[in-house]
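Novice: Next come a sequence and a model predicted from it.
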Amino acid sequence: MRFTKMHGIGNDYIYINCMESTPDRLPELAIEMSDRHFGVGGDGIVLICPSEVADFKMRMFNNDGSEARMCGNASRCIARYVHDHGLTDRKRISLETLSGIKVLSLNMSGDGEVESVTVDMGEPEFRPELIPVHTESGRMVEEVVKTSQGEIKVTAVSMGNPHGVIFVDRIEDVDFDVLGPELESHAIWPDRANIEFLEVISRSEARMRVWERGTGETLACGTGACASAVAAALTGRCDRKVTIHLRGGDLAVEWGEDGHVMMTGGATEVFDGIYYRQH
Ligand SMILES: N[C@@H](CCC[C@H](N)C(=O)O)C(=O)O
């Protein structure tokens with residue numbers, strides 16, 4: 001099976017071109033290929049498929065085999081892939097995902113190279129039943145949640161997938177390896193959630209560390225950066241245009257007055273190869 005390894009600021013997935021055919025037993029394939037010792041190694045797998053309603057369709061599986069409804073970094077990488085591999089000559093590409101159609105725009109340099117990709121991520125969702133999150137309030141904004149490390153305030157946002165954002169004074173002081181998995185599977189989330197710890201630096205900058213549902217810590221999470229930017233604006237900590245510094249690099253996020261969240265960042269192809277399926 002041919003594959004291409006790509007990353008969006010360190011959030012690395014294995015991309016499989018499924019325009020002609022799709023492999024079977026996808027959850028098992030994701031676990032097997034993502035293994036960093038016995039497989040290719042990655043945070044999961046991403047399928048690039050034909051679509052009846054958009055230019056392309058994305059399916060993505062975390063490295064525990066669970067399928068996600070949306071992935072910000074993978075969306076940018078798909079734009080880069082279909083451009084670089086000659087699957088389209090469009091600079092604006094529509095992408096069907098399990099959370100709706102997203103529009104990807106390639107930002108080109110003067111000499112015709114792809115410099116970055118902007119994704120229109122749509123509007124954030126706060127309605128608890130659609131995130132989903134259990135809460136008595138109409139929106140979960142800095143609501144106290146009990147953990148083994150004490151009470152923590154969580155803001156719940158969906159960017160097509162569920163996120164819990166926690167504002168912290170210093171990221172270094174967070175007991176990340178304990179709180180990440182504990183909050184991912186906390187009883188407030190019916191379907192688990194991605195967890196972001198956010199240290200606000202100024203009205204236009206913040207640092208983020210993410211524990212992803214189904215993967216654990218990743219170097220970056222596009223939907224997580226968007227959820228964090230929205231939570232920071234919603235609580236008055238930041239303006240609607242921010243740079244989020246992640247362990248793998250930076251993402252520019254803008255929550256426009258029309259309600260749409262625009263995310264811009266890099267997308268890089270690292271290598272391609274042929275994989276021999278193990279099981
Ligand atoms: N890394 C991603 C999000 C991947 C899916 C997530 N772990 C989930 O299960 O919802 C991103 O860049 O958005």
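Specialist: Okay, I see it. Numbers count the residues shown, from 1 in each chain.
Novice: Next up, the contacts around residue 179.
Specialist: 147, 149, 152, 195, 197, 211 (Cβ atoms under 8 Å, 6 or more residues apart in numbering). The way it works is simple: take the backbone N, C-alpha and C, and place the C-beta from them, glycine included.
Novice: Ignoring the adjacent residues along the chain, who's closest to residue 140?
Specialist: residue 156 (3.9 Å; Cβ to Cβ, 6 or more residues apart in numbering).
Novice: quick one on the thing from earlier: pLDDT check: weakest of the contacts of residue 179?
Specialist: Ranked by pLDDT, those bottom out at residue 149 (94).
Novice: so who does that residue touch?
Specialist: Taking Cβ under 8 Å, 6+ apart as the contact definition, residue 149 lies against 175, 178, 179, 182.
Novice: which element is the third one on?
Specialist: Looking back up the chat, that one is residue 179. Assigned by DSSP states H and E, residue 179 falls within helix 176-184.
Novice: quick one: buried residues of that helix?
Specialist: 176, 179, 180, 182, 183, 184 (16 or more other Cβ atoms under 10 Å).
Novice: same deal with stretch 59-74?
Specialist: Within stretch 59-74, the residues that count as buried by 16+ other Cβ under 10 Å are 59-63, 65-66, 68-74.
Novice: could you check whether it is close to the ligand?
Specialist: Yes - applying Cβ under 6 Å from any ligand atom, one finds stretch 59-74 touching the ligand at 62, 68, 71, 72, 73.
Novice: okay if I get those as TSV plus pLDDT?
Specialist: Output for those, formatted as TSV (pLDDT from 0 to 100):
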residue	pLDDT
62	98
68	98
71	98
72	98
73	98
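Novice: among those residues, which are in strands?
Specialist: Among these, the residues falling in strands (DSSP state E) are 62, 68.
Novice: ok, so of the residues of stretch 59-74 next to the ligand, who is nearest residue 266?
Specialist: Lowest distance from residue 266 to these (Cβ to Cβ) belongs to residue 73, with 9.4 Å.
Novice: ok, that closest one - contacts?
Specialist: Contacts of residue 73 by Cβ under 8 Å, 6+ apart are 7, 8, 9, 11, 13, 220, 221, 222, 265, 267.
Novice: Okay, residue 230 and residue 157: tell me how far apart.
Specialist: 5 Å (Cβ to Cβ, to the nearest Å).
Novice: Pick out the most distant pair among the residues of stretch 59-74 next to the ligand.
Specialist: The span of the residues of stretch 59-74 next to the ligand, defined through Cβ to Cβ, is set by 62 and 72 at 13.9 Å.
Novice: and the host helix or strand of residue 263, what does it pack onto?
Specialist: For residue 263, the host element (DSSP H and E) is strand 261-265. Contacting strand 261-265 under the criterion 3 or more Cβ pairs under 8 Å, 6 or more residues apart in numbering; DSSP states H and E are the following elements: helix 72-84, strand 114-120, helix 222-234, strand 249-255.
Novice: ok, then the element right after that strand?
Specialist: Tracing the chain past strand 261-265, the next element assigned as helix or strand by DSSP H and E is strand 268-274.
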